[in-house]
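**Student:** what follows is a protein structure lacking sequence information:
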């Protein structure tokens with residue numbers, strides 16, 4: 001079980017209360033598909049993903065980015081039991097979708113870049129550390145079924 005400090009809990013809740021899901025989710029997911037083009041192989045049904053402009057303007061990419069952020073909100077609401085919260089999602093990604101689990105880290109890194117850009121100077125090293133810890137727990141929970 002993960003031990004969260006009061007600062008970490010408050011910081012994570014504060015981040016998610018301030019970010020615009022309609023902007024951050026699509027931006028992070030688009031960034032992941034652009035920076036790490038091999039991740040596109042899981043999204044063949046999304047249509048045109050041939051270049052950055054196509055990816056950033058793709059409504060299916062935007063919708064999935066929002067789904068990711070809404071999914072993270074579940075972890076925010078269940079910080080004391082993220083592994084159980086993501087059990088079914090872990091099974092889905094490992095057994096049905098067969099997603100390479102390293103892609104969760106890539107998306108988490110892209111999300112960090114986007115959130116940092118949105119928060120600006122408020123994304124201090126202490127806030128960054130709390131956010132990275134949160135994302136590390138989420139990624140570990142999603143990878144759980146792979147072991």
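**Tutor:** Yes, it's here. Values in this document were obtained by computation on a predicted structure and should not be read as measured data. Numbers count the residues shown, from 1 in each chain.

**Student:** do you know how far the closest residue to residue 52 other than its chain neighbours is from residue 109?
**Tutor:** Closest residue to residue 52 apart from its sequence neighbours, by Cβ to Cβ, 6 or more residues apart in numbering: residue 34 at 4.9 Å. No exception for glycine: its C-beta is placed from N, CA and C like everyone else's. When distance is defined by Cβ to Cβ, to the nearest Å, residue 34 is 13 Å away from residue 109.

**Student:** what's the burial count for the closest residue to residue 4 other than its chain neighbours?
**Tutor:** Excluding its sequence neighbours, the residue lying closest to residue 4 (Cβ to Cβ, 6+ apart) is residue 79, at 5.8 Å. When neighbours are counted by other Cβ atoms under 10 Å, residue 79 registers 16.

**Student:** can you tell me the SS state at residue 79?
**Tutor:** Secondary structure, DSSP: H, G, I helix; E, B strand; the rest coil: residue 79 is coil.

**Student:** that one contacts residue 16, doesn't it?
**Tutor:** No. Contact criterion Cβ atoms under 8 Å: residue 79 and residue 16 do not qualify, at 10.9 Å.

**Student:** what residues does the host helix or strand of residue 138 touch?
**Tutor:** Here residue 138 sits within helix 125-143, counting by DSSP states H and E. Helix 125-143 has contacts (Cβ atoms under 8 Å, 6 or more residues apart in numbering) with 2, 7-8, 11-12, 15, 72, 75-76, 79, 82-83, 85-87, 89-90, 93, 101, 104-105, 108, 111-112, 115-116, 119, 123.
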